[in-house]
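Undergrad: Next one to model:
(2 chains)
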Number of protein chains: 2
Amino acid sequence: MAYQYNQYMKHNYGAGPCILPQEVFKQAAQAVLDFNGTGLSILEISHRTSEFEAVVDETVRLIKELMGVPEGYSVVLLQGGASLQFSMVPQNLLGSDKTAAYLDSGVWASKAIKEAKLFGNVNVVASSKEANYTYIPKDFEVPADSAYLHVTSNNTIYGTEIHAFPKSSVPLVCDMSSDILSRQINVADFGLIYAGAQKNIGPAGLTIAIVKDDLLGKVDRKIPSMLDYKVQIDGGSMYNTPPVFAIYVAMLNLRWVKSKGGVAELEKENIAKARALYEEIDRNPLFKGTCKVEDRSRMNVCFVMENPELEKPFLKFVEDRDIVGLKGHRSVGGFRASIYNALPITSVHVLIDAMRDFADQQKG
Amino acid sequence: MAYQYNQYMKHNYGAGPCILPQEVFKQAAQAVLDFNGTGLSILEISHRTSEFEAVVDETVRLIKELMGVPEGYSVVLLQGGASLQFSMVPQNLLGSDKTAAYLDSGVWASKAIKEAKLFGNVNVVASSKEANYTYIPKDFEVPADSAYLHVTSNNTIYGTEIHAFPKSSVPLVCDMSSDILSRQINVADFGLIYAGAQKNIGPAGLTIAIVKDDLLGKVDRKIPSMLDYKVQIDGGSMYNTPPVFAIYVAMLNLRWVKSKGGVAELEKENIAKARALYEEIDRNPLFKGTCKVEDRSRMNVCFVMENPELEKPFLKFVEDRDIVGLKGHRSVGGFRASIYNALPITSVHVLIDAMRDFADQQKG
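TA: Residues are numbered from 1 along each chain as shown, chains lettered A, B, ... in the order given. The predicted structure is shown next:
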């Protein structure tokens, strides 16, 4: 059987599930046919084999290494996406008579707030909802008796990102789904970090959590085993059958991150990619950014056109250049260029060139 | 890049994640490189594209068609495995002042019982624990005021299977993880069926549930969105990002089931496979079955040797014939031959021949 390759790489600006490195796709396809020379597909091996246990170990080790996870924290591989974490976090950390502080910076944050209310009290310390979440609220107080402060580090829909994490005396819990591994952070500043895998970690179907161990076991309620971080940690991310293939691909992608020089090097490239694109948006008279400049995301670049009637023609114009996934979320409109780790800077320049050429065409 | 194929098919008797058809592996590998000629990998496409929405639709439609799911039932694609269903079922169906009936036929059933106790009262109507779960309890009463009766249709560890489902006046909830799609059942006899995908449906990382709609919405408690069947059904299995690749491979496998003539034809083959293997176990003086003959599973054939000292040499003997995954679960010992849908009858004959040849060798 002859395999059909994509003849050229598409410039995939999709918000997620999203682009991963081409070499990861090739290695993953190989493992679907024959995993590590075992004569078995990665899709048919038992999670209890030593070969797959090595995959889980390497995945966890690479996350610890690449993110500089200190002693006293556990890394655990889960399922259900950030949306399941929205309820798992308060179920594990918020006593029913206690209050948790939440920063409302977008739809995902407000979904997290909704789920937390099922388990205890929620204090929304600040919100940018009144401005359609086009900025990150900054001046707010976090009461010292809060169980934790929950923030969303990057808001995919609006293209905003927290560039300086708030400081307070309570544990910081962060939904880092869309910018984890894109920049250096100090894990010791956080009590719990969680992320759906399908941006910078791997394919959809895997969720990771980085948990400060001493935060666990402090609520009274009985927690279903699958939703108890302690049970999952003690089970070595294999309390039950894990999402084998998604973990394997995440491991391949984490190896790629390491081979690129780690998070520090990718951060430099991400800064360069975002700067180049925002510069064109600010320079090109046809386009304008949608959110507060100081809060602009390096992962999701949202922009619209001064003349909305040109948006459809522009989208068609870039599609002819193999740019896909650029349409903005319906609540913002316009365009969203998601420029995750695996999107090369060459792709960003293809988009910038298209913006320039389209502007020239309009003048002509 | 040249892909390495496994040179021959291994005879994969693993209990799960387990064998899937070779053609499914080939199609899955192709889609990792280029999905449907889109120029994108199945691992990088958005779940909101029309191409992937078609995959979800076809997966749900094939489950309905192959299992004959009647009107009034919803099929929903989830994550977290059967272990998460152990808590989701009582959270959705068991009022905190109500009692659910559970049949204890093995470790998985007893885990389901443990989780149900977090949400209401549990009445264990019968158990075969005293005999290490070597049979399926049959004569038991189900009180008419039970919220439901929960059973495990096939017990992978012990090799027992329910061949006649208990009849009662209350809804029947069934963990069908390890024998779904292996035999014809009447879905209308059930209130809720759930199954981890990683036996006869697809790869690990996907869970399906078939829910009688009118059972939902009857408990008072507030349920986290991700754990609420109603929310997941209303979201069309995409309340949040689903496990894209696992769903795609499940669709490929369901197409294969259909191409083989559907569940009725596979059931015939499964009966032939199980009969041939049990006949050899009963005939060959070196081997003996471990559970009650009338309750023997057609999916997991458990057996030991009359002389336990020969078990290691036999395992080595079959490994030389490319038979893998035959070691029994530690709580039973000996061997477990999992003969799921995708394991061809030719593989069963390779094992039977090995059992005969080994016996001849012992005599000689």
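
Undergrad: For chain A, which segments count as helices?
TA: Taking DSSP state H as the criterion, chain A carries its helices at A:22-33, A:50-67, A:81-93, A:107-116, A:229-234, A:244-259, A:262-283, A:311-319, A:345-363.

Undergrad: and the third one with helix A:107-116, angle?
TA: Between the direction of helix A:81-93 and that of helix A:107-116, the angle (axes from the mean of the first three to the mean of the last three Cα atoms, to 10 degrees) works out to 40 degrees.

Undergrad: Likewise for the first one?
TA: Angle, helix A:22-33 to helix A:107-116, by the same axes, to 10 degrees: 50 degrees.

Undergrad: cool, the last one as well?
TA: Taking the same axes, to 10 degrees, helix A:345-363 and helix A:107-116 form an angle of 120 degrees between their directions.

Undergrad: mind saving the C-alpha coords of helix A:345-363 as CSV?
TA: Output in CSV follows, covering the C-alpha atoms of helix A:345-363 (Å, rounded to 0.1, in the frame of the first residue of the first chain):
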residue,chain,number,x,y,z
ILE,A,345,7.9,31.7,11.3
THR,A,346,7.9,31.1,7.5
SER,A,347,4.2,30.5,7.7
VAL,A,348,3.8,33.8,9.5
HIS,A,349,5.6,35.5,6.7
VAL,A,350,3.3,33.9,4.1
LEU,A,351,0.4,35.5,5.9
ILE,A,352,2.1,38.9,6.2
ASP,A,353,2.9,38.8,2.5
ALA,A,354,-0.7,38.0,1.8
MET,A,355,-1.9,41.0,3.9
ARG,A,356,0.5,43.3,2.0
ASP,A,357,-0.4,41.9,-1.4
PHE,A,358,-4.1,42.2,-0.7
ALA,A,359,-3.6,45.8,0.3
ASP,A,360,-1.6,46.5,-2.9
GLN,A,361,-4.4,44.8,-4.9
GLN,A,362,-7.0,47.1,-3.3
LYS,A,363,-5.0,50.2,-4.1
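
Undergrad: Contact residues of the stretch 251-364 of chain A facing chain B?
TA: With Cβ under 8 Å from any Cβ of the partner chain as the criterion, the stretch 251-364 of chain A meets chain B at residues A:322, A:324-325. Glycine gets a C-beta too; all of them are placed from N, C-alpha and C.

Undergrad: Now that we have those residues, which of them are buried?
TA: Buried members of these, counted by 16 or more other Cβ atoms under 10 Å in any protein chain shown: A:324-325.

Undergrad: Keep only those of the residues of the stretch 251-364 of chain A next to chain B that are in strands.
TA: Applying DSSP state E to these, the entries found in strands are A:V324.

Undergrad: Closest to A:L343 out of the residues of the stretch 251-364 of chain A next to chain B?
TA: Ranked by distance to A:L343 (Cβ to Cβ), those are led by A:G325 at 10.1 Å.

Undergrad: so what's the spatially closest residue to that closest one that is not a sequence neighbour up against?
TA: Taking Cβ to Cβ, 6 or more residues apart in numbering or on different chains, and ignoring the residues beside it in sequence, A:G325 has A:G14 as its nearest neighbour in space, at 3.1 Å. By Cβ atoms under 8 Å, 6 or more residues apart in numbering or on different chains, A:G14 lies in contact with A:324-325, A:338, B:44-46.

Undergrad: So stretch A:195-202, near chain B or not?
TA: Yes - residues of stretch A:195-202 are located near chain B by Cβ under 8 Å from any Cβ, namely A:196, A:198.
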